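In: Any chance you could fold what I've pasted below:
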Amino acid sequence: MPADLKSGRIVVVGASLAGLRAAETLRDEGFTGRLTLVGEERLPPYDRPPLSKQVLLGRVRAGETGLPRRREVDAQWRLGTRATGVDGAGKEVLLADGERLPFDRLLIATGTRARPWPNPEEAALDGVFTLRTADDAAALAERLDAGPRRVLVIGAGFTGSEIASACRERGLEVTVAERGPAPLIGALGGAFGVFAAEVQRAHGVDLRCGLTVTALNGRDGRLTGAELSDGGRIDADVAVVALGAVRNTEWLAESGIAAGPRGVACDAGCRAFDMYGIVTDDVFVAGDVARFPHPLFEYQLLSLEHWGNAVAQAEVAAHNMVSPGPRRRPHLGVPAFWSSQFGLNIKSVGVPTFSDHVVLAQGSPQERRFVAVYGYRGRITAAVSVNRAKYLEHYQRLIETAAPFPPDWDGVEPPASRTPVSSDVPDPKVLSHGPTVALTGHLPDRRLTLRHWGG
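Out: Alright, predicted model coming up:
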């Protein structure tokens, strides 16, 4: 590592939202050295949230979702190039074409990809889609434009629910299949899932919960429908696989970095751990692929698939890459995200799945305007609003100060009922969709036993 942290060579692997914002911040912070961004996709950085909303509705084309640039980055862009490994000792990133990129500091921002349908032959049928990239969205939007008879959505998380919403807004028949008992429960818990199920059915969605799709059927290479675990069948000429995300960590398998299916582990300053749990000074991580500790959530390692987290964490990582120890800062922002579906604007602060109870704080589910507040062991950990976001700033402050749960309603409009109920957070194993927030750290009721074999 160069003595002057503002010089040298920095490689950013991952040229999407986190990678772009990190590169911009590096230049803003005075980094004058060589900066290289490596991205597997051929397109410049683009915005992903519109892909399941405006693009599927035909309001915006997939190629029009490019991310605005805050400034000129002055970097070497290696788009359409896949990284295959890291040589930690030689401090080089290995590329698929055989090239080796030397670095003094490395930022890993490789994000996630859509979890594919497990049967490759069925996944290859014409009419079977996933939705993660701009190319995915363009292909799916074109197929929806053609007016399919029925769309089958497999998985009722946020992506699956937004796809179903777009289909219904287009006037298309849609069936949603979910292994869990209700939509959205992987992110917002079972209590909210009851409301989400009512909303989907009220908008004409054929919602099937508590079952799985066991096979996708085809004829002459085209999708014709699906077999269900309850013995039923669905006729459909389009199926969208919305089974959650896979973190892009396989390329780090031989790197010596603490990377696995749940992400790349790092400290609150975005410094990656090595495989022995020792923090590094030259490898950093940001965005969906990162697992980081947060004091508001008992220092459990969080993996967040949130737009705002990718931006904030990238800025912290970039700052720390060019700053000496005393000037480094932690990434401690309160997680936040939003979704637009079925005429609802759903916003969240905190981590709803880090909870044991939830209470209706304002409004009414019947009116489709309310705020639900989540608590864990007597303190507030999250709040979710439906068409009522003005209260979220208030609850964010309560989360940041570990305020008591249930909240005090003095001076705030009370709901009809103030009785907390179980938030009913499910085991992710029972869901078709993956959670957008994964608590992947130590649980105090579990014990680790270290055994030594052979003497």
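In: So, low pLDDT: which residues of the protein?
Out: For the chain, the stretches flagged by pLDDT under 70 are 1-3, 410-417, 434-435, 438-455.
In: in it, which spans are helices?
Out: Taking DSSP state H as the criterion, the chain carries its helices at 17-28, 120-123, 134-145, 158-169, 185-202, 307-321, 392-400.
In: In TSV: those, plus mean neighbour count.
Out: Glycine gets a C-beta too; all of them are placed from N, C-alpha and C. Shown next, in TSV, are the helices of the chain (neighbours: other C-beta atoms under 10 Å):
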stretch	mean neighbour count
helix 17-28	25
helix 120-123	12
helix 134-145	18
helix 158-169	25
helix 185-202	22
helix 307-321	24
helix 392-400	18
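In: Reformat those as a markdown table; add distance to residue 334.
Out: Below are those laid out as a markdown table (distance: least, C-beta to C-beta, whole Å):
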| stretch | distance to residue 334 |
| --- | --- |
| helix 17-28 | 18 |
| helix 120-123 | 38 |
| helix 134-145 | 29 |
| helix 158-169 | 19 |
| helix 185-202 | 16 |
| helix 307-321 | 9 |
| helix 392-400 | 5 |
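In: So for this structure, the centremost residue is which one?
Out: What sits nearest the mean C-alpha location of the chain, by C-alpha atoms, centre = their mean, is residue 305, with 1.8 Å.
In: Could you list the alpha-carbon positions for stretch 372-383 in PDB?
Out: C-alpha atoms of stretch 372-383 as PDB (Å, rounded to 0.1, in the frame of the first residue of the first chain):
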ATOM      1  CA  ALA A 372     -46.800  -0.500  11.700                       C
ATOM      2  CA  VAL A 373     -44.000  -0.300  14.300                       C
ATOM      3  CA  TYR A 374     -41.900  -3.400  15.200                       C
ATOM      4  CA  GLY A 375     -40.100  -4.100  18.400                       C
ATOM      5  CA  TYR A 376     -37.600  -6.600  19.800                       C
ATOM      6  CA  ARG A 377     -37.200  -7.300  23.500                       C
ATOM      7  CA  GLY A 378     -39.000  -4.100  24.400                       C
ATOM      8  CA  ARG A 379     -37.300  -1.600  22.100                       C
ATOM      9  CA  ILE A 380     -38.300  -0.300  18.600                       C
ATOM     10  CA  THR A 381     -36.400  -1.800  15.700                       C
ATOM     11  CA  ALA A 382     -38.400  -0.900  12.600                       C
ATOM     12  CA  ALA A 383     -41.400   0.900  11.200                       C
END
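In: Tell me which residues of it come out buried.
Out: 372-376, 380-383 (16 or more other C-beta atoms under 10 Å).
In: Centre of the chain to it, how far?
Out: Relative to its chain's centre, stretch 372-383 lies at 21 Å (C-alpha atoms, centre = their mean, to the nearest Å).
In: Ok, stretch 318-327 next?
Out: With C-alpha atoms, centre = their mean, you get 26 Å for stretch 318-327.
In: do stretch 31-42 as well
Out: On C-alpha atoms, centre = their mean, the centre of stretch 31-42 falls 23 Å from the chain's centre.
In: Also stretch 333-349?
Out: Using C-alpha atoms, centre = their mean, the offset of stretch 333-349 from its chain centre is 13 Å.
In: That stretch: end-to-end distance?
Out: Start-to-end span of stretch 333-349 (C-alpha to C-alpha, to the nearest Å) is 10 Å.
In: cool, stretch 59-70 as well?
Out: Stretch 59-70 end-to-end distance (C-alpha to C-alpha) = 25 Å.
In: Could you give me the buried positions within it?
Out: 60, 62, 65.
In: Restricted to strands, list these.
Out: The members of the buried residues of stretch 59-70 all map outside strands under DSSP state E.
In: Contact partners for the residue nearest to the centre of the chain?
Out: Residues in contact with residue 305 (C-beta atoms under 8 Å, 6 or more residues apart in numbering) are 112, 245, 288, 436-437.
In: out of these, who's nearest residue 140?
Out: residue 245 (16.7 Å; C-beta to C-beta).
In: For the closest one, grab the count of nearby residues.
Out: 23 (other C-beta atoms under 10 Å).
In: Any idea what residue 291 is bridged to?
Out: Beta-bridge partners for residue 291, by DSSP bridges, are residue 265.
In: So what's the residue count around it?
Out: 24.
In: was I right about it contacting residue 302?
Out: Yes: the criterion here is C-beta atoms under 8 Å, and residue 291 meets it with residue 302 at 6.9 Å.
In: Go through the buried residues of stretch 372-383 and say which is closest to residue 84.
Out: residue 382 (38.4 Å).
In: From residue 185, how far off is the closest one?
Out: From residue 382 across to residue 185, the span is 14 Å (C-beta to C-beta, to the nearest Å).
In: Likewise for residue 72?
Out: Distance from residue 72 to residue 185, by C-beta to C-beta: 44 Å.
In: can you pull the contacts of the residue lying closest to residue 409 once chain neighbours are set aside?
Out: Residue nearest to residue 409 in three dimensions, not counting chain neighbours: residue 418, with 7.0 Å by C-beta to C-beta, 6 or more residues apart in numbering. Residue 418 sits next to 359-360, 406, 409 when contact means C-beta under 8 Å, 6+ apart.
In: same question, residue 51
Out: Counting by C-beta under 8 Å, 6+ apart, residue 51 makes contact with 62, 65, 131-134, 136-137.
In: and if you look at residue 23?
Out: 12, 35, 37, 73, 75, 318.
In: try it again with 6 Å
Out: Residue 23 makes contacts with 12, 37, 73, 75, as judged by C-beta atoms under 6 Å, 6 or more residues apart in numbering.
In: residue boundaries of the strands in the stretch 301-450 of the chain?
Out: Counting by DSSP state E, counting those that start in this stretch, the stretch 301-450 of the chain has these strands, from start to end: 301-304, 336-341, 344-350, 357-364, 369-376, 379-386, 421-422, 437-439.
In: Dump the ones you listed into JSON lines; add distance to residue 394 as well.
Out: Shown next, in JSON lines, are these (distance: least, C-beta to C-beta, whole Å):
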{"stretch": "strand 301-304", "distance to residue 394": "22"}
{"stretch": "strand 336-341", "distance to residue 394": "14"}
{"stretch": "strand 344-350", "distance to residue 394": "10"}
{"stretch": "strand 357-364", "distance to residue 394": "10"}
{"stretch": "strand 369-376", "distance to residue 394": "9"}
{"stretch": "strand 379-386", "distance to residue 394": "9"}
{"stretch": "strand 421-422", "distance to residue 394": "22"}
{"stretch": "strand 437-439", "distance to residue 394": "21"}
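In: so which of those gets nearest residue 168?
Out: When those are compared by C-beta to C-beta, strand 336-341 sits nearest residue 168, at 9.5 Å.
In: Fine, thanks again, bye for now.
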